[in-house]
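Visitor: make a model of this:
(one chain, ligands or ions: 1)
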Amino acid sequence: MSETQSQPVWRFAPSPNGLLHLGHAYSALRNYEGARRSGGRFLLRIEDIDSGRSRPEYEAAILDDLAWLGLEWEKPVRRQSEHFGEYALALDRLRNRGVVYPCFCTRGEISRAVEGTSDWPRDPDGAPLYPGTCKRMGREQREAFLMAGRHAAWRLDMADACAGLEQPLGWREFGEGQDGRDVRAEPQVWGDVVVARRDVPTSYHLAVVVDDALQGVTDVARGMDLFHATSVHRLLQELLDLPAPDYRHHHLILDEGGGKLSKSRGSKTLRDLRSEGATPADIRRMVGLA
Ligand code: GLU
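Guide: The predicted structure is shown next:
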């Protein structure tokens, strides 16, 4: 059931697997201010499907940092871990449409299958496209594996899914401005993406489209690093008959060396900046939102 949609709905959707840095602050502020300017609602959604990496202390720190920045969000906080039932229903719908198949391959098996082919095609994130091993598996073997309790991930059969589309897919992209443009979606560049992982019964792509629809999200402001993933999101929305929000992909805040901010690169967190005496106004200035 979707929440009421009489007003624009914006959301900031961090994953609680680390502390927030300036890039998160920029994204959160863009959504918050977009909501305020459009007379809309602002939701905070904790993207915690990955139980191995999500930590309650990071969630607590995220809430604390955002409140310190001056953000107010609608209560309750939404959490993806509370929606596994909805993700399972969405996966069932994809199964019923015949556009997903179980995949038993390990990461190592996939690497071995593609190694040796130097120009093996890669997705926009640089990962090798899935070589289709389990798509070609015979029905009997597939059933035997499932009966034997072998855990499977579920992959979208990209060719079949795209072949069934009645018209080309696209989305309305506003970037960081007021004027929208139409972008043509190209989900094929991702190959047979995973829609439900072996260890988690959903994936980022599936959970995000189900949640955006469930929560009536109309406007998604997020980093450019997710621009290409929007093609997969549009395809899933089409297959699941879900509405498409407007998208506003913004530039990424980079470190002094021009690299992406990240924990692994030792980037400063909002916590670090706070303890060095930065104020919320300083943070806004640092991300160019004075
Ligand atoms: N949870 C994702 C992240 O932290 C953002 C997802 C989205 O905005 O669609 O990168």
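
Visitor: doesn't residue 33 belong to a strand?
Guide: No. Judged by DSSP: H, G, I helix; E, B strand; the rest coil, residue 33 forms no part of a strand; its state is helix.

Visitor: excluding chain neighbours, give the residue nearest to it in space.
Guide: Residue nearest to residue 33 in three dimensions, not counting chain neighbours: residue 289, with 7.9 Å by Cβ to Cβ, 6 or more residues apart in numbering. The way it works is simple: take the backbone N, C-alpha and C, and place the C-beta from them, glycine included.

Visitor: the one you found: what's it in contact with?
Guide: Residues near residue 289 by Cβ atoms under 8 Å, 6 or more residues apart in numbering: 26, 29, 33.

Visitor: going by neighbour count, which of these comes out on top?
Guide: Using other Cβ atoms under 10 Å as the neighbour test, the contacts of residue 289 are led by residue 26, with 23 neighbours.

Visitor: from the chain's centre, how far out does whichever strand or helix holds that one sit?
Guide: In the assignment (DSSP states H and E), residue 26 maps to helix 22-37. Here the centre of helix 22-37 is set off from its chain's centre by 17 Å, with Cα atoms, centre = their mean, to the nearest Å.

Visitor: stretch 151-167 now?
Guide: The answer for stretch 151-167 is 18 Å, by Cα atoms, centre = their mean.

Visitor: sorry, back to before: name every strand pairing with whichever helix or strand comes after the helix holding residue 26 and say which way it goes.
Guide: Going down the chain from helix 22-37, the next helix or strand is strand 41-46, by DSSP H and E. Counting by DSSP bridges, the strands paired with strand 41-46 are strand 9-12 (parallel), strand 78-79 (parallel).

Visitor: how about these in a markdown table, adding mean pLDDT and mean neighbour count?
Guide: Shown next, in a markdown table, are the strands paired with strand 41-46 (pLDDT from 0 to 100; neighbours: other Cβ atoms under 10 Å):
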| stretch | mean pLDDT | mean neighbour count |
| --- | --- | --- |
| strand 9-12 | 98 | 26 |
| strand 78-79 | 98 | 18 |
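
Visitor: with distance to the ligand as extra columns, can I get those strands in a markdown table?
Guide: Formatted as a markdown table, the strands paired with strand 41-46 follow (distance: least, Cβ to the nearest ligand atom, whole Å):
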| stretch | distance to the ligand |
| --- | --- |
| strand 9-12 | 8 |
| strand 78-79 | 12 |
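
Visitor: just to revisit the earlier point, CA atoms only: put the helix holding residue 26 into CSV for me.
Guide: This file holds the C-alpha atoms of helix 22-37, laid out as CSV (Å, rounded to 0.1, in the frame of the first residue of the first chain):
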residue,chain,number,x,y,z
LEU,A,22,30.5,15.7,3.2
GLY,A,23,29.1,13.9,0.2
HIS,A,24,26.3,12.6,2.3
ALA,A,25,25.7,16.0,3.9
TYR,A,26,25.3,17.5,0.4
SER,A,27,22.9,14.9,-0.7
ALA,A,28,20.8,15.1,2.5
LEU,A,29,20.7,18.9,2.2
ARG,A,30,19.6,18.8,-1.4
ASN,A,31,16.7,16.5,-0.6
TYR,A,32,15.8,18.4,2.5
GLU,A,33,15.8,21.8,0.7
GLY,A,34,14.1,20.4,-2.3
ALA,A,35,11.3,19.2,0.0
ARG,A,36,11.1,22.6,1.7
ARG,A,37,11.1,24.6,-1.5
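
Visitor: show me what it is packed against.
Guide: If you count contacts as 3 or more Cβ pairs under 8 Å, 6 or more residues apart in numbering; DSSP states H and E, helix 22-37 packs onto strand 9-12, strand 41-46, helix 56-69, strand 219-223, strand 246-250, helix 270-275, helix 280-286.
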